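1. coordinates for the following, if possible.
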Amino acid sequence: MSEYTDNQRMQIAQQEYVKYSENQEVRIDNKKILIGTVRKVLKDATGLDGYVVEEPDGNVTVLFQGSKGPGKEGSAADWLDNDLPMAHNIISNKSEVTPQLQSASRTLNQVLKDYPNAQITVYGHSFYAIL
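-> You can find the predicted model right below:
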């Protein structure tokens with residue numbers, strides 16, 4: 001597992017918003033530092049977006065994209081189906097989870113199965129900061 005500065009970790013988190021394809025390299029610091037290779041693009045009907053990135057040492061970084069701004073494509077799934085219900089659950093002290101959190105949980109469980117000997121690092125913004 002690589003050691004990164006706070007600034008580099010911020011740059012890694014920002015990669016959640018870059019459009020990558022499978023087998024594409026993820027780099028930071030003006031493309032000087034290789035984070036790894038995209039092994040899976042995460043995108044489903046719950047609004048889950050992100051990437052599973054295999055690092056050169058075999059460890060894995062999972063990047064979960066935060067909620068899209070109102071009016072942007074996919075924002076309804078983020079806000080109406082997930083963020084607002086989750087806020088309501090928190091305020092109401094309910095332990096129910098939203099479809100997007102269930103999908104993220106399934107994704108992380110699959111990553112743990114697919115990479116049993118890897119250290120897993122998870123980055124998330126907005127809604128995924130609660131993971």
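2. chain center to the longest helix along the chain, what's the gap?
-> Of all segments of type helix in the chain, defined using DSSP state H, the longest is helix 99-114. Distance, stretch centre to chain centre, for helix 99-114: 10 Å (C-alpha atoms, centre = their mean, to the nearest Å).
3. swap in stretch 46-54?
-> Stretch 46-54 has its average C-alpha position 5 Å from the chain's average C-alpha position, going by C-alpha atoms, centre = their mean.
4. what lines up beside whichever helix or strand comes after the longest helix of the chain in the sheet?
-> Moving toward the C-terminus from helix 99-114, the first helix or strand encountered (DSSP states H and E) is strand 120-124. Partners of strand 120-124 in the sheet, by DSSP bridges, are strand 60-64 (parallel).
5. got the angle for the partner strand vs helix 99-114?
-> With axes from the mean of the first three to the mean of the last three C-alpha atoms, to 10 degrees as the basis, strand 60-64 and helix 99-114 are set at 170 degrees to each other.
6. quick check: mean pLDDT across strand 60-64?
-> Predicted confidence along strand 60-64 averages 98 (mean pLDDT).
7. what residue is smack in the middle of the chain?
-> Phe64 (1.3 Å; C-alpha atoms, centre = their mean).
8. please report the distance of that one from Gly124.
-> With distances taken as C-beta to C-beta, to the nearest Å, Phe64 is found 4 Å from Gly124. Glycine gets a C-beta too; all of them are placed from N, C-alpha and C.
9. and for Asp44?
-> Counting by C-beta to C-beta, the separation of Asp44 from Gly124 is 16 Å.
10. do a quick rundown of the strands in the protein.
-> All strands of the chain, identified by DSSP state E, fall at 25-28, 33-43, 49-54, 60-64, 120-124.
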